[in-house]
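Q: I would like to see how this sequence folds:
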Amino acid sequence: MRRALSIILVLSSWPLGTNAAEGTPQAVPIKLAPSKVAPLPSATTKTGSDAGTTAPIPPPSAPAPKGPPPAVKLECAPTPVRIGEQLICTLSVVHRRDVSVKVTAPDQVIPLPSGPAQPHLQDMLKTLRTFRIQPRSMKKVKVEGMVVVWTETTGGQGELPVPTQKIPVKSVMTGVKDPQLKSFEAPGGDADAFWTLHGPISYRVTNWPLIITLLVLLVAALGIGLGLWIKKILDGRTVEEDLGILPEEAHLEAARELAVLEEENLPEQERFEEYFVRLSEILRRYLKNRFRIQGLEWTSEELRDWFSETGQSEDTQQLLADFLLETDLIKFANVEATGAAVGLTTALARQLIEETKIVMEEATNQESAS
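A: Residues are numbered from 1 along each chain as shown. Purely as a prediction, here's the structure:
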């Protein structure tokens, strides 16, 4: 445009001459200097102090999209993946029919061939993109850095980052005899057989040493408990011998204690429960000294059983049962005692001591005679 304007101005100022022969005006040629028109700035023009740098012209930015973004879903298998095994991830993108999509991924995420978008629902399309990742360490595989770029037919463009996924990795290095089979790049002709033969070991290993140790400890604890229980029973069947009172003198000690009890006149003071408690202790202490048993510690039932098991006479067993019944009613059943009960129970105690004393003396005489 500037060059055309310069030419027009030059022509308008062209001088006219006169032809000598004809006397008509004639144009005189004029030599013009070449016009210096400033060139338009380009993408590589060097200007100002930045004459040594190149300032690229930024590409025009795409307008914002008008419609909603597509829906994305990333699925990876197998989960967990074995180290060196290929992890296949499938990205599903559901978008409108007037939208085209492109997926960008980092270098470690290798894209696989994929087909065109397929119809989905009524007026939507579904685009599938498949990628391959191969873990080389026991760290979790991070599927990240993938971006879905979607473009509308109107020119609107948007980006949608794909959520990151973490896939666990398990080892396959245990039990491999041939080191060459550890090459995960080329596992062999039959890859499935390779993974079946050298697959991961089960983490559920039976710990036999621990099981055997626990069983031994359990048996030992049961043995100790059983031993203590048997010892307790045997201790209950025996009594330390009182060197001060011999079996032949037990009835004499019992008679002395009965005399002291009667002198205190507890029934006249209406202290019946105390009287029956002390009367029971006197007879039980007599049985302890006489037969060397735990007369003071045993229950009434244990005393009756012992008399029955050792072959005591029926009369002796009945005397003991009647005495224990009378004293237990006063001591434990809170039965109100009477003077008649005091006399009856005291008589039973004296008769039982007399009967057992006679039995013991007869047994001693028989042993001496033999």
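
Q: drop to CA atoms for contacts and neighbour counts, all remaining ones
A: OK.

Q: Give me the local confidence score for the residue nearest to residue 317 when sequence neighbours are not counted.
A: Take residue 317 and drop its neighbours on the chain: the residue closest to it by CA to CA, 6 or more residues apart in numbering is residue 307, 6.4 Å away. pLDDT, residue 307: 92.

Q: Mind telling me what element residue 307 is part of?
A: helix 300-309 (DSSP states H and E).

Q: what sits up against that helix?
A: Contact with helix 300-309 is made by 295, 317, 320-321, 324, as judged by CA atoms under 8 Å, 6 or more residues apart in numbering.

Q: most surrounded residue in the residues you listed?
A: residue 295 (23 neighbours; other CA atoms under 10 Å).

Q: Surely that one touches residue 282?
A: No. Using CA atoms under 8 Å, residue 295 is not in contact with residue 282, being 10.0 Å away.

Q: Double-check that residue 74 belongs to a helix.
A: No. Counting by DSSP: H, G, I helix; E, B strand; the rest coil, residue 74 falls outside a helix, being strand.

Q: Share the number of residues neighbouring it, please.
A: 17.

Q: where exactly do the strands run in the protein?
A: 16-18, 25-27, 71-77, 81-82, 87-96, 99-104, 110-111, 118-120, 124-133, 141-143, 147-152, 157-161, 165-167, 169-170 (DSSP state E).

Q: Quickly list the domain ranges of the chain.
A: The chain resolves into domains spanning 71-170, 247-369 when parsed by automatic domain parsing.

Q: Let me have these in TSV, extended by distance to residue 227.
A: Output for the domains of the chain, formatted as TSV (distance: least, CA to CA, whole Å):
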stretch	distance to residue 227
domain 71-170	51
domain 247-369	20
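
Q: Quickly, which of these bottoms out on average pLDDT?
A: domain 247-369 (a mean of 86).

Q: Now the helix holding residue 307: buried residues?
A: By neighbour count with 16 or more other CA atoms under 10 Å, helix 300-309 contains the buried residues 300, 303-304, 307.

Q: I'd like these as TSV, with distance to residue 69 appended.
A: Conversion of the buried residues of helix 300-309 to TSV gives the following (distance: CA to CA, whole Å):
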residue	distance to residue 69
300	92
303	94
304	95
307	98
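
Q: now, which of these sits nearest residue 91?
A: residue 300 (85.9 Å; CA to CA).

Q: quick one: that closest one and residue 318, what's the gap?
A: Computed as CA to CA, to the nearest Å, the residue 300 to residue 318 distance reads 13 Å.

Q: what does residue 212 give?
A: 55 Å.

Q: Which of these two has more residues huddled nearby?
A: Higher neighbour count among residue 212 and residue 318: residue 318, with 14 against 11, using other CA under 10 Å.

Q: Could you check the pLDDT of residue 41?
A: pLDDT, residue 41: 45.

Q: And for residue 145, the neighbour number?
A: Around residue 145 there are 14 residues (other CA under 10 Å).

Q: isn't it right up against residue 107?
A: No. Contact criterion CA under 8 Å: residue 145 and residue 107 do not qualify, at 9.7 Å.

Q: Can you check which residues contact both of these two?
A: Overlap of the contact sets of residue 145 and residue 107 (by CA under 8 Å, 6+ apart) is empty.

Q: Residue 149 versus the closest residue to residue 156 other than its chain neighbours, what's the distance?
A: Leaving aside its sequence neighbours, residue 156 sits nearest to residue 65 (CA to CA, 6+ apart; 3.9 Å). Distance check for residue 65 against residue 149: by CA to CA, it reads 11 Å.

Q: Which neighbours do the two have in common?
A: 157-158.

Q: and residue 348, what does it touch?
A: Residue 348 neighbours (CA under 8 Å, 6+ apart): 319-320, 322-323.

Q: what do you get for residue 327?
A: 276-277, 280, 345.

Q: could these go into TSV alongside distance to residue 338?
A: TSV is the format used below for the contacts of residue 327 (distance: CA to CA, whole Å):
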residue	distance to residue 338
276	11
277	15
280	17
345	11
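
Q: which residues in this structure form helices?
A: 2-12, 191-197, 208-237, 250-263, 272-291, 300-309, 314-331, 339-369 (DSSP state H).

Q: Now the second one: average pLDDT?
A: Confidence for helix 191-197, expressed as mean pLDDT, is 66.

Q: same question, the third one
A: Confidence for helix 208-237, expressed as mean pLDDT, is 90.

Q: quick one: it to helix 300-309, angle?
A: 80 degrees (axes from the mean of the first three to the mean of the last three CA atoms, to 10 degrees).

Q: Buried residues, stretch 328-344. List them.
A: In stretch 328-344, counting by 16+ other CA under 10 Å, buried: 328, 330-331, 337, 341-342.

Q: What of stretch 341-357?
A: 341-342, 345-346, 348-349, 352-353, 356-357.

Q: likewise stretch 89-106?
A: 89-96, 99-101, 103, 105.

Q: end to end, how far does it reach?
A: Stretch 89-106: ends 14 Å apart by CA to CA.

Q: repeat for stretch 305-320
A: Note: stretch 305-320 ends 11 Å apart using CA to CA.
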